[in-house]
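>>> structure, please.
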Amino acid sequence: MFKKGLLVIMSLFLCLGVLQTTASAAGAGSSSLKLGVNDKLTEIEAVPVKGSYYVPVRALSAELKWTLTGLTDGIAVAAGNKSVRLLNNNGGLKLQDGTIVPMDSFLKNGNLMVPVKISSYLGYSITFQGDKYLLRVRDGSAAMSDEAFVKQYQDKLKPQAASPAAPSGNNGVKGRTLYLTFDDGPSATTVQLLDILDKYEAKATFFMIGPNMNRYPSQVKRIVKGDHGLGLHGMTHVKDKFYASPSAALAEMNSDNAVLKKISGAETTLIRPPYGSKPYFTKSFRDKVLTQGYHLWDWNVDSEDWRYKENSDKIYNSVMSQVNKLQASKISPVILMHDQKATLKVLPRLLETFKKEGYSFAVITKDLKPLNFWNDER
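Model (predicted):
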C-alpha cells in the first residue's frame, strides 16, 4: 500500500514537472493559452510565468464548481471530498494530510492567479501539448479525448500575446486601472451621472439601495444596459436596522438583490454594507453573509463627497492626493463616491484628469479579489 501511494505521488510530480518544462519550452512568459475544462474551451486566460501556467482562481473555481472559503491563514479550496489550502504570503499549498508543497500566487488585473497544477491536488488530470496549444483540466465527466478536443477547437486554441506578469505580495488591485463606485442610488440625478460617464467613456460600479431602485427603475435598467457594475447596499441604510444581527444584514442584501432582479433581470454577488464594513461588519456578519456567495467590497479612496458636498475643490484635491499615493505603490484606486447632485459638479473634472493621466475605467466583478477593510478574500 505504501509503495503504491509513493508511486502515485511520484507520477504526479513527474506529470507536473513535464507540464512546467514543456510550458517553458513553448515560450512561457511570452504567450497565454485558453484553458480547456473537461469538454469546454473556456475564456479563462492561462498566463505563463517561470515555467508554469497561472489562471484566476475564482474563474477556475466557477468552472469546476469548487468552493472557496477565506480563512485567517489563506484560502480553502474544496472540490467534493477533497480540499487544499492556499496559504497567505506565498506560503505554499497545504494538503489534507498537512503536507505543504511550494506554490506561488500573485495578482494580475485584480485577479488572484494560481498555477493550473492546483487542480491536480484536487483529483483532476492536466494535459499540456505545446505544439497544439492545448492546456486542459479534466475530471471523470469529460467525454472527449484530447485529440477530439484539439480537432473541435483547433481554430480557437492559438494563443495571443500575454502582458508581462510577475508575482506580487501586494494586496491591492494592480495597474493603471481605476474603479469608480457610487453608493446610495439610484437617484433623481442618476441620468445626469450616467450622461457624464458616457461622455468620458467611463464605466462605474453602482452599489444600490432597494427602495431607491423601486423608485427609479428606469435608471436601474440603464445602468444594466450600459454594462456598468452592479452592487448591493442594502434596503434601509439605517445602522440599527441593518446591523441588528447577521441574519438582518443577510436579509437586507437578499431583498436588495431580489429588487434588482425584479426590475432588470440581473443579479449580483457584490455587496457594500452601509458606512463601509468597519467596524460593524464583524466576523459573525461576514460568516453569515459571505458564505452565501456574496463578495465584500469597500474602497481605498474616499472622495468625501458626502462631507464636502458642493465644495468641489476639496473633493477633487482629496481624491487626486489619494490616487497619486496609490499609483506610487502600483495599486489601482477603488474610489467611493455617491449618487447625488453635488457629485455631478466635480465628476467631469476628475474624469478629465484621469484620462489625461492614462487611467482606464473598469467595473468590479465577482472574479476580482475583493478589496475590503478586513482583508476577507471570500
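>>> all strands of the stretch 151-300 of the chain, in order?
With DSSP state E, counting those that start in this stretch as the criterion, the stretch 151-300 of the chain has strands at 160-161, 177-183, 204-208, 229-232, 270-271, 295-296.
>>> quick one: those strands as TSV, columns for mean pLDDT and distance to Leu122 too.
For glycine as for every other residue, the C-beta is placed from the backbone atoms N, C-alpha and C. Formatted as TSV, these follow (pLDDT from 0 to 100; distance: least, Cβ to Cβ, whole Å):
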stretch	mean pLDDT	distance to Leu122
strand 160-161	46	28
strand 177-183	96	31
strand 204-208	98	32
strand 229-232	97	30
strand 270-271	98	27
strand 295-296	96	22
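>>> winner for burial among those strands?
Comparing these by mean neighbour count (mean count of other Cβ atoms under 10 Å), strand 204-208 comes out on top with a mean of 27.
>>> quick check: neighbours of it in the sheet, parallel or antiparallel?
strand 177-183 (parallel), strand 229-232 (parallel) (DSSP bridges).
>>> need these in JSON lines with distance to Ser329, can you?
Listed next are these as JSON lines, based on distance: least, Cβ to Cβ, whole Å:
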{"stretch": "strand 177-183", "distance to Ser329": "14"}
{"stretch": "strand 229-232", "distance to Ser329": "23"}
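>>> these: which one's closest to Val319?
Judged by Cβ to Cβ, the one of the strands paired with strand 204-208 that comes nearest to Val319 is strand 177-183, at 10.4 Å.
>>> got the contact list for the closest one?
The contact list for strand 177-183 (Cβ atoms under 8 Å, 6 or more residues apart in numbering) reads 109-110, 173, 193, 197, 202-207, 229, 231, 233, 272, 297, 299, 323, 332-339, 343, 354, 359-364.
>>> looking at this protein, which helix or strand does the model trust least?
helix 2-25 (a mean of 38; mean pLDDT, DSSP states H and E).
>>> after that one, which helix or strand is next? Please name it.
strand 31-37 (DSSP states H and E).
>>> what average pLDDT does that following strand get?
For strand 31-37, mean pLDDT is 90.
>>> Asp372 - that's part of a helix, no?
Careful, residue 372 is Asn; it's not Asp. No - with DSSP: H, G, I helix; E, B strand; the rest coil as the criterion, Asn372 is located in coil rather than a helix.
>>> over to it: give its phi and psi.
For Asn372, the backbone dihedrals are phi -150, psi 170 (criterion: degrees, to the nearest 10).
>>> residues contacting it?
The contact partners of Asn372, taken as Cβ under 8 Å, 6+ apart, are 277, 296-298.
>>> could you identify the most distant pair in those residues?
Ser277 and Trp297 (8.6 Å).
>>> quick one: which of those two has more around it?
It is Trp297, of Ser277 and Trp297, that has more neighbours when counted by other Cβ atoms under 10 Å, with 23 against 20.
>>> look at the more buried one and report its pLDDT.
97.
>>> ok, back up a step: show the buried residues in the contacts of strand 177-183.
Among the contacts of strand 177-183, the ones that count as buried by 16 or more other Cβ atoms under 10 Å are 109-110, 173, 193, 197, 202-207, 229, 231, 233, 272, 297, 299, 323, 332-339, 343, 354, 359, 361-364.
>>> could you look up the SS state of Phe128?
From three-state DSSP, the assignment for Phe128 is strand.
>>> surely it touches Leu134?
Yes - using Cβ atoms under 8 Å, Phe128 is in contact with Leu134, at 6.6 Å.
>>> the nearest residue to Val191 once chain neighbours are set aside: what's it in contact with?
Distance criterion Cβ to Cβ, 6 or more residues apart in numbering; nearest residue to Val191, sequence neighbours excluded, is Gln219 at 6.4 Å. Gln219 is in contact with 185-187, 190-191, 194, counting by Cβ under 8 Å, 6+ apart.
>>> go through those and flag which are in helices.
Counted as lying in helices by DSSP state H, out of those, are 190-191, 194.
>>> and which of those is nearest Ser52?
Checking the ones in helices among the contacts of Gln219 one by one against Ser52 (Cβ to Cβ), the nearest turns out to be Leu194, at 42.5 Å.
>>> for that closest one, which non-adjacent residue is closest in space?
The nearest residue in space to Leu194 (Cβ to Cβ, 6+ apart) is Arg222, at 5.9 Å.
>>> repeat that for Ala143.
Among residues not flanking Ala143 along the chain, Asp39 sits closest, at 5.8 Å (Cβ to Cβ, 6+ apart).
>>> number of residues surrounding that neighbour?
Asp39, neighbours per other Cβ under 10 Å, totals 15.
>>> mind listing what it touches?
By Cβ under 8 Å, 6+ apart, the neighbours of Asp39 are 142-144, 149.
>>> make it 10 Å
Contact partners of Asp39, counting by Cβ atoms under 10 Å, 6 or more residues apart in numbering, are 136, 138, 141-144, 148-149, 152-153.
>>> pull the most distant pair out of those residues.
Ser141 and Tyr153 (17.7 Å).
>>> I appreciate the help and will end here.
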